[in-house]
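**Q** Got a sequence here, can you build the structure:
(one chain, ligands or ions: 2)
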Amino acid sequence: MTIIVTGGAGFIGSNFIFFELDRHPEDRIVCLDKLTYAGNLSTLRDVMDRPNFRFIKMDICDREGVFRLFEEEKPDIVVNFAAESHVDRSIEDPGVFLQTNIMGTATLMDACRKYGVGRFHQVSTDEVYGDLPLDRPDLMFTEETPIHTSSPYSSSKAAADLLALAYHRTYGLPVTISRCSNNYGPYHFPEKLIPLMIANALNDKPLPVYGTGENVRDWLYVEDHCRAIDLIIRKGRVGEVYNVGGHNEMRNIDIVKLICHALGKPESLITFVTDRKGHDMRYAIDPTKIHSELGWLPETKFADGIQKTIDWYLTHRDWWEEIISGEYQNYYEKMYANR
Ligand code: NAD
Ligand code: TDX
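**A** Ligands and ions are numbered 1, 2, ... in the order given. Coordinates of the predicted model:
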């Protein structure tokens, strides 16, 4: 089979490519990525020369290019990870989120229709459900929870989900959607909470916690997410949404303290800064459907996953130091200097 993986030079997409090449060496993977600030070709260095791997630098909004590639590769499956993914950036500048996350997804689905692709999988997020209150731990997001978004990022992802379901109903496009909770693991871009705190702590820089740090996220080790997507594209039912999450709710402040302790750094590095606008309070996924239909369960416990992640950042300093020494500095200055 040929699988086109978009956004494969980013965090989850690259981990998915490694997972697929390892578990399904008989399949061919074509990675399509624009290499935005979040995409790193160095991440894919070890697989670049594999005979069953091809990288192509392309924007998913480039209709002509995408159609040409589909004509050439005749993919069996398309997995769409390509997206603008950072909530804070979407608050600063929504335009590119609408372009890539909505128009790009539509372009890929048009190509899927034209070339009769057997499956289009949209990698979505739990953020499309909005947030849950802290004082109702019994509530969780199911696939039936209404879409109720908070940020331009989550709204653009929700729009793409709705379009995907509409393409299924109207054109019969064989679509599946996964809505996953927060991922962590290797190759996570250092603008996001966990890698940002690890990098700052290692550099003895302040650890900027938004608001009071009581917001809760439901963390899943990235490989568990990859295994869920692998199951959905091979065994999932078309037209269906699958929630993916590991019942691992943690407060931001507790994660940051844990990172301080693991790295032997003082908690005095923690600095409470102005809250994110429209900040979602709590996410919690109910993964009953994917468990009962596809037998998926998370395999990595948080204690093990976070230790593996911290070890990875300690042994791959060159990867993230190169990132934070470049354009990232301007980003950091803009987002955190006067916060
Ligand atoms: P990321 O920002 O690390 O990577 C995004 C990748 O997409 C980059 O390689 C970038 O170059 C590429 N890209 C961006 N715009 C593109 C375009 N127009 N054309 C082609 N490529 C483009 O993101 P991530 O954290 O790996 O997230 C991947 C997907 O998973 C996203 O769709 C995101 O919404 C979803 N998701 C992420 C999480 C999480 O915790 N990170 C959780 C649930 C869902
Ligand atoms: O410096 C920070 N300080 C801080 O307190 C950063 C970067 C974040 N935070 C808080 C905000 C959130 O409550 O930490 C929490 C996690 O923030 P992010 O890492 O930005 O993730 P989040 O906003 O939860 O979104 C992530 O999960 C869902 C991904 O970035 C999305 O792509 C995915 O859809």
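**Q** This protein against ligand 2: which residues are in contact?
**A** Listed as neighbours of ligand 2 in the chain under the rule C-beta under 6 Å from any ligand atom: 85-87, 125, 127, 182, 192-193, 196, 208-210, 215, 217, 252, 276. In this view, the C-beta of every residue, glycine as well, is placed from N, C-alpha and C.
**Q** So among those residues, which ones count as buried?
**A** 85-87, 125, 127, 182, 192-193, 196, 208-210, 215, 217, 252 (16 or more other C-beta atoms under 10 Å).
**Q** In helices, which of those appear?
**A** Among those, DSSP state H puts 87, 193, 196, 252 in helices.
**Q** pLDDT and distance to residue 99 for these - can I get that in JSON lines?
**A** What follows is those, written out as JSON lines (pLDDT from 0 to 100; distance: C-beta to C-beta, whole Å):
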{"residue": "87", "pLDDT": "98", "distance to residue 99": "17"}
{"residue": "193", "pLDDT": "98", "distance to residue 99": "25"}
{"residue": "196", "pLDDT": "98", "distance to residue 99": "25"}
{"residue": "252", "pLDDT": "98", "distance to residue 99": "30"}
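**Q** Report the entries of these that also contact ligand 1.
**A** Answer for these near ligand 1: none qualify (C-beta under 6 Å from any ligand atom).
**Q** count of neighbours near the one residue in the chain that gets nearest to ligand 1?
**A** Relative to ligand 1, the nearest point of the chain is residue 10 (2.0 Å; C-beta to the nearest ligand atom). Here the number of neighbours of residue 10 (other C-beta atoms under 10 Å) works out to 24.
**Q** hang on, isn't it packed against residue 86?
**A** No - look at residue 10 against residue 86 with C-beta atoms under 8 Å: they stay out of range, at 10.9 Å.
**Q** ok, back up a step: quick one: which two of the residues of the chain next to ligand 2 are the most distant?
**A** Spanning the widest gap among the residues of the chain next to ligand 2 are 125 and 208, at 22.7 Å by C-beta to C-beta.
**Q** What's the mean pLDDT across the lengthiest helix in the chain?
**A** For the chain, the helix with the greatest residue count under DSSP H is helix 152-171. Across helix 152-171, pLDDT averages out at 98.
**Q** Check stretch 228-245 too.
**A** 98.
**Q** end-to-end on it?
**A** End-to-end distance for stretch 228-245, by C-alpha to C-alpha, to the nearest Å: 10 Å.
**Q** And ligand 1, is that stretch touching that?
**A** No - Stretch 228-245 does not reach ligand 1 (C-beta under 6 Å from any ligand atom); its nearest approach is 8.1 Å.
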